[in-house]
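**Student:** next comes the sequence, and after it the predicted model I'd like to discuss.
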Amino acid sequence: MKTGNKANFDARSNNKSTSLGSESMISLPALANVIMQIDLNGEPLEPSDIVDFASGIFAVLLMALSLFAYRNTRTKRLLFVSAAFGLFALRTIVARLDALIPEAQSTLIELALALTGFAILSLFFLAIAKRPGNHKRL
């Protein structure tokens, strides 16, 4: 008798997840169609632009979370991580400067992107390699 109830429960769960999945599958293409119709300086928005924008938003969220964690733990490593996430968010803005400001020179933008990429990697390395403050050397 318990197996019959379990089978009914599994069937109901599968129906629920299937219906939720089909509803979200219908809305995702519609949302993607609306987003793709957005123009930036007369050019349609590319999927890579959307992912870059989402990455920048995610980096800001991660920066805020790591700053909150730093406030709770006072671990200096988290400051390096926060700075790296902040630079990553800034990097996504700099990467799109040529679309926002047509007068911006691409060589300066490329140099800024290279420097911020190097700084981000350096900050993550420092966060990993930094010894904790209360660690004593033997």
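**Tutor:** Perfect, thanks for sending it. Residues are numbered from 1 along each chain as shown.

**Student:** from Phe118, how far out is Ala129?
**Tutor:** Going from Ala129 to Phe118 by C-beta to C-beta, to the nearest Å gives 16 Å. In this view, the C-beta of every residue, glycine as well, is placed from N, C-alpha and C.

**Student:** okay, Arg96: pLDDT?
**Tutor:** Arg96 is assigned a predicted lDDT (pLDDT) of 81.

**Student:** right, and it touches Ile50 too?
**Tutor:** No: using C-beta atoms under 8 Å, Arg96 is not in contact with Ile50, being 11.8 Å away.

**Student:** show me what contacts Leu123?
**Tutor:** Contact partners of Leu123, counting by C-beta atoms under 8 Å, 6 or more residues apart in numbering, are 80-81, 83-84, 87.

**Student:** next, format the residues you listed as TSV and append neighbour count.
**Tutor:** Below are these laid out as TSV (neighbours: other C-beta atoms under 10 Å):
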residue	neighbour count
Phe80	21
Val81	22
Ala83	20
Ala84	24
Leu87	21
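
**Student:** okay, domains of the chain per the record?
**Tutor:** 1-37, 42-138 (automatic domain parsing).

**Student:** pick out the shakiest of those domains, pLDDT-wise.
**Tutor:** domain 1-37 (a mean of 48).

**Student:** now tell me what touches stretch 64-77 from outside.
**Tutor:** Residues from elsewhere that reach stretch 64-77 (C-beta under 8 Å, 6+ apart): 78-79, 81-82, 85, 127-128, 130, 132-133.

**Student:** actually stretch 82-94, not the one I wrote
**Tutor:** For stretch 82-94, using C-beta under 8 Å, 6+ apart, the contacting residues are 52-53, 55-57, 59-60, 62-63, 66-67, 70, 109, 112-113, 116-117, 119-120, 123-124, 127.

**Student:** narrow the residues you listed to those in helices?
**Tutor:** 52-53, 55-57, 59-60, 62-63, 66-67, 70, 109, 112-113, 116-117, 119-120, 123-124, 127 (DSSP state H).

**Student:** now the contacts of stretch 82-94: which count as buried?
**Tutor:** When the contacts of stretch 82-94 are checked for burial by 16 or more other C-beta atoms under 10 Å, the buried set is 52, 56, 59-60, 62-63, 66-67, 70, 109, 112, 116, 119-120, 123-124, 127.
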